[in-house]
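Enquirer: just coords:
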């Protein structure tokens, strides 16, 4: 996301529109929580991320499931771009395992993705301006010490 933010600043764009669907974001919730990055979770999966000064990240397809996207593409005779080899190379990474886990649960329990995202919406980031919160230099989320 760093390269996209830098390009947006150079091109004087105030917004970056990303294409993560609900399935990807639900897997990201579990992945971030499992690797200890729960503090960044609210910003990483919110529909709007305003941590970065001058650039707002908008996740426009946050409420759309992968199955819905597949059906739309089928009806409109569209083809999906191939996933990069870097994204699928390591089958044993935590991110990939949580994505497989969410996909498996979603097949048997259709409301899994929605429940994970609704639960993550209840987590609120630390607010700027409180006496004991400081921004993390890497992710710009506010952390309370």
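Expert: That came through, no problem. The model shown is predicted, which means the values in this text are computed figures rather than measured ones. Numbering: from 1, shown residues only.
Enquirer: Pull out the buried residues from the helix ranked longest in the chain.
Expert: For the chain, the longest helix by residue count, based on DSSP state H, is helix 94-108. Along helix 94-108, these residues count as buried under the neighbour rule (16 or more other C-beta atoms under 10 Å): 95-99, 102, 105-106. The way it works is simple: take the backbone N, C-alpha and C, and place the C-beta from them, glycine included.
Enquirer: what comes into contact with the helix or strand just after that helix?
Expert: Once helix 94-108 ends, the next helix or strand along the chain (criterion: DSSP states H and E) is helix 112-121. Outside helix 112-121, the residues that touch it by C-beta atoms under 8 Å, 6 or more residues apart in numbering are 22-23, 25-26, 29-30, 41-42, 45-46, 62, 65, 102, 105-106.
Enquirer: Nearest to residue 8 among those residues?
Expert: Ranked by distance to residue 8 (C-beta to C-beta), those are led by residue 46 at 17.6 Å.
Enquirer: re the thing from before, just among the contacts of helix 112-121, which is most surrounded?
Expert: Using other C-beta atoms under 10 Å as the neighbour criterion, residue 26 leads those with 29 neighbours.
Enquirer: can you map out the strands along this structure?
Expert: 15-18, 48-49, 56-59, 133-135, 142-144 (DSSP state E).
Enquirer: Pick out the shakiest of those, pLDDT-wise.
Expert: Among the strands of the chain, strand 142-144 has the lowest mean pLDDT, at a mean of 62.
Enquirer: picking that back up, hey, what's the angle from the longest helix of the chain to helix 112-121? Just curious.
Expert: With axes from the mean of the first three to the mean of the last three C-alpha atoms, to 10 degrees defining the directions, helix 94-108 sits at 120 degrees from helix 112-121.
Enquirer: Excluding covalently adjacent residues, which one is nearest to residue 41?
Expert: By the measure of C-beta to C-beta, 6 or more residues apart in numbering, the closest residue to residue 41 outside its immediate chain neighbours is residue 32, 5.0 Å from it.
Enquirer: can you check residue 78 too?
Expert: Excluding the flanking residues, the one nearest residue 78 by C-beta to C-beta, 6+ apart is residue 72, at 7.7 Å.
Enquirer: before we move on, what about residue 106?
Expert: Of all residues beyond its chain neighbours, the one nearest residue 106 is residue 112 (4.8 Å), with distances taken as C-beta to C-beta, 6+ apart.
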